[in-house]
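Peer 1: this is a predicted model, with the sequence first.
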Amino acid sequence: MAATQEKPAKTRLIAGPGMLLVWLYGVMVVGAVSRSVVQISTQFDEAPLAYSLSAVAGVVYGFITYSLVRGGETARRAAFVCCAAELVGVLTVGTWTLVDPSAFPDATVWSDYGMGYIFIPVLLPLSAMYWLRKARAEQAPAAARG
Amino acid sequence: MLDALTPVTGVAALLLAAWCGWAAHRDQPTKDWHFIGMAVVTLLALIQLIVGIVQLARGEKPEQGTTIFVAYLLGAFACIPAAGFMSLTERSRWGSVTVAAGGVVLAVLEVRLYDIWGG
């Protein structure tokens, strides 16, 4: 009986600030996925690279959102890795769009470091990684946080 | 009608964002009054959705395409209720921050809607 009691509870990732992250990631999922679906289905030939990248961004956002909602240590790690990948993606694509604009006749979600989305794409992975690290540190049943 | 409704909804969304931001600043969750505020903003977005569809039905064309226009109308309508439900499950200041973020997102959507319609 003691063993079952000591079994650590699933890390809840959407408590407190995590809820805000889920909301912002959810918005980005809708934004990136719907944008790329419209663009790929109607005008793919205009900027195939840009539209494909938007679709990839949407999938990554979707996975992170799912992981955050699901909770638990595995999901936490998976979300952390994806956030790191997302950050690398934003920085790479952001630099790429500035250095070689001709490769991008149309904007992606990650163009200019996400300027079209008030820089949320570059700020979000940073805050999410911070939050996910903290969630690990607080795995011991700490006092309920505000 | 749509030309007037878009800025009104956008401003209402920003007011809601400021109000909920204030609640978060004071370390409070969203309360009944906030939900009434959310209902008002959602109602504006719903009227906008209906007016937008009526305009389309009357044969008017948005400047940047009907699909994008309808998608943004639906997104604008769903934005605040979604944030509101999330603040119901998160009864802390962070629920208020979520609704505040929802208000800002809606305001951005309204700016985009204005462009898409061709204001």
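Peer 2: Arrived safely, thanks for sending.
Peer 1: okay, now the unreliable bits of chain B?
Peer 2: Low-confidence segments of chain B (pLDDT under 70): B:1, B:119.
Peer 1: residues from it in reach of chain A?
Peer 2: With Cβ under 8 Å from any Cβ of the partner chain as the criterion, chain B meets chain A at residues B:27, B:67-68, B:71, B:75, B:82-83, B:86-87, B:89-90, B:92-95, B:97-98, B:101-102, B:105, B:108. The C-beta positions use only the backbone N, C-alpha and C, and glycine is treated the same way.
Peer 1: in chain B, what residue lies closest to chain A?
Peer 2: Relative to chain A, the nearest point of chain B is residue B:90 (4.1 Å; Cβ to the nearest Cβ).
Peer 1: so that residue sits against residue A:21, correct?
Peer 2: No: using Cβ atoms under 8 Å, residue B:90 is not in contact with residue A:21, being 11.3 Å away.
Peer 1: show me whatever sits in contact with both of these two.
Peer 2: residue A:14 (Cβ atoms under 8 Å, 6 or more residues apart in numbering or on different chains).
Peer 1: show me the contacts for residue A:80.
Peer 2: A:129, A:132, A:133.
Peer 1: swap the cut-off to 6 Å and go again
Peer 2: Applying Cβ atoms under 6 Å, 6 or more residues apart in numbering or on different chains, we find residue A:80 in contact with residue A:132.
Peer 1: state the distance from it to chain B.
Peer 2: 20 Å (Cβ to the nearest Cβ, to the nearest Å).
Peer 1: that residue and residue A:130: what is the separation?
Peer 2: Computed as Cβ to Cβ, to the nearest Å, the residue A:80 to residue A:130 distance reads 10 Å.
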